[in-house]
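**Student:** need coordinates for the following:
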Amino acid sequence: MNYYGAADLAASFRTVRKNTLTIANEIGEEHYNFRPTPDTRTVAQLLTHLTLAPKLQEQIHRVERRTTLEGFDFPTFIGKIIAAEQAPAPPKQEIIATLTAQGEDFANWVASLSDDFLAERVTYPTGMMPPTKTRFEMILGVKEHEMHHRGQLMLIERLIGIVPHLTREMLANFAKMQSGKASA
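**Tutor:** All right, here's what the predicted structure looks like:
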């Protein structure tokens, strides 16, 4: 029995992407070239990375429907993604439009997957650990990956003087709870 299926996975990805889009909108375009340290991505590169990162899982599960990663050319595939990230960044609104469209396309595809498909195991190349993963676990990794980078974006917001929206919402909720206790 599955307690968390394709519809849940798609909904949770949409929530994560919605929060990423809120941050992308809150950071001014004048900060899109901000880079916290010389060896990190700019805001624009991070957001571009998030539009491109799902392509790996889409290639494996949507396009090729692989059951083994033996023979998959990771260096070439990832190299193309890195090259796209390093290209001159489009304007903020184009990045946001791409994040929106790509995110919805990915979520719609995920929502269409069957439990049987998500339960299939994909074998990793010899020597990699673990030796297999379910498609569910691999596709879930897209959401986990975005949450990792969203944490970086929230720290960047702090560095440029923005209190992240999730923090603002939490503080507002605490204030409401405190005012409710005071009036009771």
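**Student:** number of nearby residues for Pro131?
**Tutor:** By the measure other Cβ atoms under 10 Å, the count of residues near Pro131 is 11. Any C-beta I mention is one placed from the backbone N, CA and C, and that applies to glycine too.
**Student:** and for the residue lying closest to it once chain neighbours are set aside, the neighbour number?
**Tutor:** With Cβ to Cβ, 6 or more residues apart in numbering as the criterion, Pro131 has its nearest non-adjacent residue at 5.7 Å, and that residue is Tyr124. Taking other Cβ under 10 Å as the neighbour definition, Tyr124 ends up with a count of 17.
**Student:** list the buried residues for the longest helix that the chain contains?
**Tutor:** Taking residue count as the measure and DSSP state H as the definition, the longest helix of the chain comes out as helix 135-159. Across helix 135-159, burial judged by 16 or more other Cβ atoms under 10 Å covers 135-136, 138-140, 142-143, 145-146, 149-150, 153-154, 156-157.
**Student:** any chance you could map the helices in this structure?
**Tutor:** Listed in chain order (using DSSP H), the helices of the chain are 6-26, 43-52, 54-57, 74-86, 92-111, 115-119, 135-159, 165-183.
**Student:** report the angle between the first one and helix 135-159.
**Tutor:** Between the axis of helix 6-26 and that of helix 135-159 there is an angle of 20 degrees, by axes from the mean of the first three to the mean of the last three Cα atoms, to 10 degrees.
**Student:** who touches helix 6-26?
**Tutor:** Outside helix 6-26, the residues that touch it by Cβ atoms under 8 Å, 6 or more residues apart in numbering are 47, 50, 92, 95-96, 99-100, 103-104, 106-108, 110-115, 118, 136, 139-140, 142-143, 146-147, 150, 153-154, 157, 162, 164-166.
**Student:** try 6 Å
**Tutor:** Residues outside helix 6-26 that contact it (Cβ atoms under 6 Å, 6 or more residues apart in numbering) are 47, 96, 99, 103, 107, 110-111, 113, 143, 146-147, 150, 153, 162, 165.
**Student:** tell me the angle of the least confident helix or strand in the chain by mean pLDDT relative to helix 6-26?
**Tutor:** Sorting the helices and strands of the chain by mean pLDDT, DSSP states H and E puts helix 165-183 at the bottom, at a mean of 90. Inter-element angle recorded for helix 165-183 and helix 6-26: 100 degrees (by the same axes, to 10 degrees).
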